[in-house]
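Student: Compute the structure for the input listed below.
(one chain, ligands or ions: 2)
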Amino acid sequence: MIPPIAVTLGDPAGIGPEIIGRCWEQREALGLPPFFGVGNRDSLAGVWKGPVCQIAHPEEVGVCSDALPLIEVADSEVVEPGKPTLIGARCALDALEIATGLTRSSAAGALVTGPVSKAQLQAIGFTHPGQTEFVGERCGVFAANLAMMLVGPTLRTVPVTIHIALADVPQRLTTELIVSRGRAAAKGLTRNFGIASPRLAVAGLNPHAGESGLLGREEIDVIAPAIAELQAEGIDAFGPLSADAMFHEHARKSYDAALCMYHDQALVPLKTLHFDEGVNLTLGLPIVRTAPDHGTAFDIAGKGIASHHAMAAAIRTAHACAVQRAID
Ligand SMILES: NC(=O)C1=CN([C@@H]2O[C@H](COP(=O)(O)OP(=O)(O)OC[C@H]3O[C@@H](n4cnc5c(N)ncnc54)[C@H](O)[C@@H]3O)[C@@H](O)[C@H]2O)C=CC1
Ligand SMILES: NCC(=O)COP(=O)(O)O
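Tutor: Numbers count the residues shown, from 1 in each chain. Ligands and ions are numbered 1, 2, ... in the order given. From the prediction side, this is the model:
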């Protein structure tokens with residue numbers, strides 16, 4: 001039996017609170033497992049009219065059958081949707097800390113994080129590139145041994161470099177990093193999805209995968225040696241492939257995940273195909289952590305038009321991965 005799932009509301013001024021409220025409202029139709037929110041109650045009340053039941057511990061989720069169970073993180077100011085503040089960012093970070101701790105202690109069955117603004121978090125002194133690395137640190141996992149996997153119904157992608165400027169990608173792309181992300185991806189596919197021998201398609205960095213060195217040498221000097229190393233470890237990795245031709249319907253059937261060299265190479269195909277059901281799954285952690293693929297969407301927060309389906313997919317995927325891990 002998987003304990004209830006902890007879902008952080010994310011930035012109080014973003015779309016997190018409203019989409020989590022809607023997920024709870026439609027939990028049966030959406031096929032969601034028991035879950036509870038962690039975050040600011042006022043941010044929820046301002047954008048969602050459903051009932052909320054304050055709890056102190058996940059064990060109390062069962063007594064709140066008619067209201068969204070919430071571990072409240074106090075916030076001293078009025079929240080205005082679409083208008084992020086530093087106090088709101090602090091509240092989002094506190095919620096993340098609490099929910100991570102509850103999941104690490106197994107009081108929660110998995111962690112699902114609502115969208116936060118990286119700029120707002122950095123402004124209050126957060127030093128991690130994103131929630132992925134924060135949760136990794138809290139779990140004692142070195143960032144290079146984690147992998148961010150974007151999961152959709154017909155595609156999974158893993159960026160090797162993540163939140164860095166495009167201009168820095170070639171220098172930061174090393175054989176060692178590609179191997180550690182590839183290893184985490186392969187292990188994660190087995191552990192979370194039950195795929196015994198995962199197939200990894202490895203993208204090139206340059207147009208036409210470098211065109212035999214005419215359009216760049218990273219494929220020859222950095223990526224091909226990483227593929228050889230992964231193969232030597234028994235991982236079914238192949239490439240480097242031309243990134244422009246590896247995401248069409250037929251190509252997608254030849255692999256279980258695409259190892260991509262930079263953020264947009266992985267996220268553009270995923271969000272183009274599956275924006276409304278895309279899930280961000282962190283691999284390499286001792287706990288299950290997922291998030292919807294989208295961000296805070298401050299431009300539409302509080303307007304009642306944000307889709308809650310990626311959040312629902314994140315909650316469902318977190319539960320399915322926790323169940324899969326419990327089988328092993
Ligand atoms: N997991 C996380 O916490 C993530 C956080 N972010 C953060 O979000 C902030 C905004 O980033 P953007 O690149 O603008 O991405 P975004 O996903 O917030 O917004 C991009 C566009 O998609 C729309 N959109 C996003 N989610 C939607 C939904 N559920 N339903 C309907 N429309 C939706 C927005 O209205 C906007 O037009 C940044 O500060 C970034 O750091 C971005 C991605 C993931
Ligand atoms: N673009 C994906 C993203 O920003 C996810 O970041 P996080 O989950 O590490 O906070």
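Student: I'd assumed residue 282 was in a strand, is it?
Tutor: Yes: residue state for residue 282 (DSSP: H, G, I helix; E, B strand; the rest coil) corresponds to a strand.
Student: Ligand 2 versus that one, what's the distance?
Tutor: 7 Å (CB to the nearest ligand atom, to the nearest Å). Where you see a C-beta, it was placed from the backbone N, CA and C, and this is true even at glycine.
Student: That residue - how many residues pack around it?
Tutor: 26 (other CB atoms under 10 Å).
Student: who does it bridge with?
Tutor: Beta-bridge partners for residue 282, by DSSP bridges, are residue 148, residue 289.
Student: My guess is it contacts residue 137. True?
Tutor: No: using CB atoms under 8 Å, residue 282 is not in contact with residue 137; the gap is 11.9 Å.
Student: Show me which residues of this protein sit near ligand 2.
Tutor: Where the chain comes near ligand 2, counting by CB under 6 Å from any ligand atom, the residues are 130-132, 267, 280, 291.
Student: one more time with 5 Å, if that's ok
Tutor: Contact residues (CB under 5 Å from any ligand atom) of the chain with ligand 2: 130-132, 291.
Student: Pick the one among those residues closest to ligand 1.
Tutor: residue 291 (4.3 Å; CB to the nearest ligand atom).
Student: Over to that closest one. Which of the three states is it?
Tutor: strand.
Student: Which segments of this protein make up each domain?
Tutor: What automatic domain parsing lists as the domains of the chain is 1-141+285-328, 146-279.
Student: So residue 90 is in contact with residue 123, correct?
Tutor: No: between residue 90 and residue 123 there is no contact under CB under 8 Å: 10.1 Å.
Student: which outside residues touch stretch 87-101?
Tutor: For stretch 87-101, contacts defined as CB atoms under 8 Å, 6 or more residues apart in numbering pick out 6-13, 38-40, 43, 71, 73-77, 79, 108, 111, 113-114, 116-117, 120-121, 123-124, 126, 131, 134-135, 138-139, 287.
Student: Against ligand 1, which of those make the cut? List them.
Tutor: Answer for those near ligand 1 (CB under 5 Å from any ligand atom): 116-117.
Student: among the contacts of stretch 87-101, which are in strands?
Tutor: 6-8, 38-39, 71, 111 (DSSP state E).
Student: still on that earlier bit, among residue 90 and residue 123, which residue is more densely surrounded?
Tutor: When residue 90 and residue 123 are compared for neighbours, residue 90 comes out ahead with 18 against 13, by other CB under 10 Å.
Student: Surely residue 38 touches residue 4?
Tutor: No: Residue 38 is beyond contact range of residue 4, at 11.2 Å (criterion: CB under 8 Å).
Student: ok, for the residue of the stretch 101-250 of the chain found nearest ligand 2, nearest residue in space, not its chain neighbours?
Tutor: In the stretch 101-250 of the chain, the residue found nearest to ligand 2 is residue 130; the distance is 2.5 Å by CB to the nearest ligand atom. Setting aside the residues directly before and after it, residue 130 is nearest to residue 163 in space (CB to CB, 6 or more residues apart in numbering), at 5.6 Å.
Student: Up against ligand 1, what does this structure have?
Tutor: Within the chain, the positions near ligand 1 by CB under 5 Å from any ligand atom are 115-118, 291, 294-297, 299-300, 306-307.
Student: Let me have the ones in strands among the contacts of stretch 87-101 in TSV, adding pLDDT and neighbour count as columns.
Tutor: TSV is the format used below for the ones in strands among the contacts of stretch 87-101 (pLDDT from 0 to 100; neighbours: other CB atoms under 10 Å):
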residue	pLDDT	neighbour count
6	98	29
7	98	33
8	98	29
38	97	30
39	96	30
71	97	23
111	98	29
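Student: Which element, helix or strand, includes residue 181?
Tutor: helix 175-193 (DSSP states H and E).
Student: What pairs with the very next helix or strand once past that helix, parallel or antiparallel?
Tutor: Sequence-wise, the next helix or strand downstream of helix 175-193 (DSSP H and E) is strand 199-203. Counting by DSSP bridges, the strands paired with strand 199-203 are strand 236-241 (parallel), strand 257-260 (parallel).
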